[in-house]
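> Task: produce atomic coordinates for the following.
(one chain, ligands or ions: 2)
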Amino acid sequence: MNYQDFYKNSIDNPQDFWKEQSEELDWFVKPSKILSNTKDGYHQWFEDGETNLSYLCIDKHIKDGFGHQNAIIYDSPVTNTKQKITYHELYDQVSKLAGGLQSLGLQKGDTVIIYMPMIPQAVFAMLACVRIGVIHSVVFGGFAPHELAIRIDDCKPKAVITASSGIEIDRIIPYKPFVDEAINQASHKPKNVIVFNRHLKADIPKKNYDIDYTELVNSSKSVPAISVESTHPSYILYTSGTTGTPKGIIRDTGGYATALKFSMRYVYGVNPGDVFWAASDVGWVVGHSYIVYAPLINRNTTILFEGKPIRTPDASTFWRVISEHSVNVMFTAPTAIRAIKKEDPHGRFIKQFDLSCLKYQFLAGERCDVATLQWTQTHLNVPVIDHWWQTESGWPMLANMVGVAQEDVKPGSATFPVCGYDIRILSEDGEETTNSAEGYVAVKLPLPPGTLMSLWGNPERFKKGYLDRFPGYYFSGDGGYQDEDGYIFITGRVDDVINVAGHRLSTAEMEEVVAAHAAVAECAVFGVHCDLKGQKPLGLIVLKSELDQDVSNIQKDIIKRVRHEIGAVASFKDVLVVERLPKTRSGKILRKLLRNIADELNYNIPSTIDDPNIIEEIKVVYQNHQIGIHKN
Ligand code: COA
Ligand code: AMP
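Residues are numbered from 1 along each chain as shown. Ligands and ions are numbered 1, 2, ... in the order given. Sure, this is the predicted structure:
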């Protein structure tokens, strides 16, 4: 097949194209309306169709005679556990848990928060929710109770599903106490907390709202998957934006299933029955789409890995998992490869394993530097595919679509637009750029199926943040350019969102915590380059005058607060004290300038700066502190 023709057809005839793709799914009610408009004038897919994600992920395959195939392989080096779960067993666990949720009064349209480590019960919980039309919102375990509380107040769950604890390498993470603390902080109070006891000797404080997960499953009857509208929200996934408040991305059901099924075949080149591994976490979009829903809809075996690329126990873990479970296609973040490369620069561990099963290595989640791409290619000796997408899209927007035809790669580029995404690079005033000029990466509407429907409880923010900047387009928040051969290069975010070890975080949110410290007069938090994590946050603070506190204690206290309020995942470890911050004459802090100086990039001193002498002051502070910019 020819990529250009296939792609062009998806853009010129979206209705026919996606109608054909939707026929790859089992629908309870087949859609007759393919593309239509909501009352707000935004588009929606397969409006009058009805299906169920849990049915598509489980029941369909059992009906087709594949109940004995492994659905999930749970591999947990941190607990020394390996467990294979067939589609039959998945059915048993999910349908009973769904019955248990119904017995607690949960019904279609209700919300549930899932705050769990990478264990099979997290996947069961997601599938049990969608089975009965309950909208789940999975919160990444690296977020602190305060962040969980914000999400509880925003989506008002009737229940929270959690586990007694998680494990970070060898450290117990107290999930249940975190949930209790979050509920304590939140105004909304969920009726129940369903706790899966991992028996890892963690402290499990007892509360009146607790329900034991295992007892609930064992005492419940299996329930069938209910028929839900294609446009019924399957989940809310919070992601960082440019303000301190996270945004709840809403995903539909039928459009999402159609897009995921399509992507497994045409983007990832995966056949039903293959083993697929996305080394991410269920708390991120990669986890939703490519640990859970896409591989299960496509009848693959999905790997659920509870560990790290290094230190669990060493930099050979990824290759051990691929070889042992015969992984055909793998997906990870460049930062994980950088971590491995640092420990094993000559790829000696790789040579110890038979990796002949592996067809493709996909990378995404952050910009992939050329050195990482080339190292991976050399040592794995399979096509390494950098592809670009985001929580909002739910599935890839730029990729080398290996299931269609393998294109030549240009390192640094995520190759071409994926079918359905009419990607344009726009200038400040919304004109299309030419001659590889850098601009804003936007997608001409309508977006293909599977992309975000709106923001939970905040359609105005959805419109303002994504649609108003360039009328007729969805604005991705990324900058980039397209070269003369049509290859698109993503250069990074154009807003205050940063990407730390593949984790998307908001500097505005960190800045709010820093600014709230009693000793801080003003501050700026921004992302600087990090060899390992891609970016890391750096805080600059101006202290209030006449303080008698020790400065290093203030710095330590601020770091502790960010960890306590946002979570360890923020990796906020550097705070520098400056006399003043560079600002425009109208008082706006010049964050981009601060970042460019830290990263030793070329910069222009804006003519609007209130005092150019401040640049030298800042440079001296950076030099004196040797804070590890450019280091790990
Ligand atoms: N629960 C609790 N804490 C967590 C957590 C979780 N699920 N995930 C991370 N953390 C903690 C870590 O323990 C660490 O705490 P510390 O500061 O006390 O050491 C902190 O959050 C930062 O974690 P991380 O960014 O993962 O850094 P790291 O130094 O532990 O590991 C890498 C570095 C590169 C090995 C690791 O980040 C990695 O594997 N990244 C790949 C990420 C990825 O796949 N992203 C998905 C997007 S596709
Ligand atoms: P998230 O929503 O957490 O998946 O983060 C999405 C953001 O990560 C995008 O908007 C980009 O800024 C960045 N990103 C993801 N994949 C890539 C990639 N392949 N190249 C460059 N940036 C990427």
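> which parts of the stretch 301-450 of the chain sit against ligand 1?
308, 309, 310, 332, 333, 335, 336, 339, 364, 365 (C-beta under 6 Å from any ligand atom). To be clear about C-beta, it is placed using only N, CA and C from the backbone, and glycine gets the same treatment.
> which one of these sits closest to ligand 2?
Nearest to ligand 2 among these: residue 364, at 4.3 Å, using C-beta to the nearest ligand atom.
> and the residues of the stretch 301-450 of the chain next to ligand 1, which of them are in strands?
Among those, DSSP state E puts residue 332 in strands.
> I'd like the residues of the stretch 301-450 of the chain next to ligand 1 written out as a markdown table, with neighbour count and distance to ligand 2 added.
As requested, these are arranged in a markdown table below (neighbours: other C-beta atoms under 10 Å; distance: C-beta to the nearest ligand atom, whole Å):
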| residue | neighbour count | distance to ligand 2 |
| --- | --- | --- |
| 308 | 19 | 18 |
| 309 | 22 | 17 |
| 310 | 19 | 21 |
| 332 | 23 | 12 |
| 333 | 26 | 8 |
| 335 | 25 | 11 |
| 336 | 20 | 13 |
| 339 | 20 | 17 |
| 364 | 25 | 4 |
| 365 | 25 | 5 |
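> Kindly reformat the residues of the stretch 301-450 of the chain next to ligand 1 as a markdown table containing pLDDT.
Output for those, formatted as a markdown table (pLDDT from 0 to 100):
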| residue | pLDDT |
| --- | --- |
| 308 | 97 |
| 309 | 98 |
| 310 | 98 |
| 332 | 98 |
| 333 | 97 |
| 335 | 97 |
| 336 | 98 |
| 339 | 97 |
| 364 | 97 |
| 365 | 96 |
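> Report the two of the residues of the stretch 301-450 of the chain next to ligand 1 separated the most.
Farthest-apart pair in these is 310 and 364; separation 19.7 Å (C-beta to C-beta).
> Tell me how far residue 200 lies from residue 86.
Per C-beta to C-beta, to the nearest Å, residue 200 is found 26 Å from residue 86.
> Neighbour count for these two, which is higher?
residue 86 (18 against 14; other C-beta atoms under 10 Å).
> phi, psi of that one?
Here the main-chain torsion angles of residue 86 (degrees, to the nearest 10) amount to phi -80, psi 170.
> so residue 31 sits right up against residue 49, yeah?
Yes: here residue 31 reaches residue 49: they are 3.0 Å apart, a contact under C-beta atoms under 8 Å.
> which residues do those two both contact?
22, 230, 254 (C-beta atoms under 8 Å, 6 or more residues apart in numbering).
> burial count for the closest residue to the second one other than its chain neighbours?
Closest residue in space to residue 230, ignoring its immediate chain neighbours: residue 254 at 2.8 Å, by C-beta to C-beta, 6 or more residues apart in numbering. Look at residue 254: counted by other C-beta under 10 Å, it has 31 neighbours.
> List the contacts of the residue nearest to residue 312 when sequence neighbours are not counted.
Counting by C-beta to C-beta, 6+ apart, residue 77 is the residue found nearest to residue 312 once chain neighbours are left out, at 4.3 Å. Contacts for residue 77 (C-beta under 8 Å, 6+ apart) come out as 306, 307, 312, 313, 317.
> what's the most distant pair in those residues?
Across the contacts of residue 77, no pair lies farther apart than 306 and 313, at 13.4 Å, counting by C-beta to C-beta.
> These two: which is more packed in?
The residue with more neighbours, out of residue 306 and residue 313, is residue 306; 20 against 13, by other C-beta under 10 Å.
> Please tell me how far the more buried one sits from ligand 2.
For residue 306, the distance to ligand 2 equals 20 Å [C-beta to the nearest ligand atom, to the nearest Å].
> cool, and residue 215?
Where ligand 2 is concerned, residue 215 sits at a distance of 36 Å (C-beta to the nearest ligand atom).
> what's in contact with the helix or strand hosting that residue?
Per DSSP states H and E: residue 215 is located in helix 213-218. For helix 213-218, the external contacting residues (C-beta under 8 Å, 6+ apart) are 93, 96-97, 100, 103-104, 121, 161, 163, 194-197.
> 10 Å - rerun?
Residues outside helix 213-218 that contact it (C-beta atoms under 10 Å, 6 or more residues apart in numbering): 92-101, 103-104, 116, 121, 124-125, 128, 161-164, 192-198, 212.
> among these, which ones are buried?
Among the contacts of helix 213-218, those buried by neighbour count (16 or more other C-beta atoms under 10 Å) are 92-101, 104, 116, 121, 124-125, 128, 161-164, 192-196, 198.
> Just the ones in helices from these, please.
If you go by DSSP state H, those have 92-101, 121, 124-125, 128 in helices.
> what's the domain layout of the chain?
3-307+387-467, 498-624 (automatic domain parsing).
> Give me the buried stretch members for the lowest-mean-pLDDT helix or strand in the chain, please.
Every helix and strand of the chain was ranked by mean pLDDT, DSSP states H and E. The lowest is helix 614-625, at a mean of 88. The neighbour-count check on helix 614-625 (16+ other C-beta under 10 Å) flags 614, 615, 618, 621, 622 as buried.
> Next, format the residues you listed as TSV and append distance to ligand 2.
Shown next, in TSV, are the buried residues of helix 614-625 (distance: C-beta to the nearest ligand atom, whole Å):
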residue	distance to ligand 2
614	29
615	28
618	26
621	28
622	25
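> Please tabulate the residues you listed in JSON lines and include distance to residue 272 as additional columns.
Output for these, formatted as JSON lines (distance: C-beta to C-beta, whole Å):
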{"residue": "614", "distance to residue 272": "61"}
{"residue": "615", "distance to residue 272": "59"}
{"residue": "618", "distance to residue 272": "56"}
{"residue": "621", "distance to residue 272": "57"}
{"residue": "622", "distance to residue 272": "54"}
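> List the buried residues of stretch 547-565.
Quick answer for stretch 547-565 (16+ other C-beta under 10 Å): 554, 555, 558, 559, 561, 562, 563, 565.
> can you list contacts of that stretch?
Contact partners of stretch 547-565, identified using C-beta under 10 Å, 6+ apart, comprise 143-147, 150, 509-521, 523, 525, 537, 539, 541, 543, 568-577.
> Filter the residues you listed down to the buried ones, PyMOL style.
Applying 16+ other C-beta under 10 Å to these leaves a buried subset, and the PyMOL line that selects it is:
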select buried, resi 143+144+145+146+147+150+509+510+511+512+513+514+515+517+519+520+523+525+537+539+541+543+568+569+570+571+572+574+575+576+577
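> of the contacts of stretch 547-565, list those near ligand 1.
568, 569, 571.
> show me what contacts residue 146?
178, 181, 182, 185, 186, 513, 564, 565, 566, 567 are the contacts of residue 146 under C-beta under 10 Å, 6+ apart.
> Is the helix or strand harbouring the third one in proximity to ligand 1?
Translated: residue 182. For residue 182, the element it lies in under DSSP H and E is helix 175-185. No: Helix 175-185 is not in contact with ligand 1 by C-beta under 6 Å from any ligand atom; minimum separation 8.2 Å.
> got the contact list for the closest residue to residue 283 other than its chain neighbours?
Distance criterion C-beta to C-beta, 6+ apart; nearest residue to residue 283, sequence neighbours excluded, is residue 140 at 2.8 Å. Neighbouring residues of residue 140 by C-beta under 10 Å, 6+ apart: 115-116, 147-148, 237-238, 281-284, 287, 503, 567, 569.
> Then residue 333?
Applying C-beta under 10 Å, 6+ apart, the residues contacting residue 333 are 278-280, 284, 286, 309, 339, 363-366, 368, 372, 499, 501-503, 533-534.
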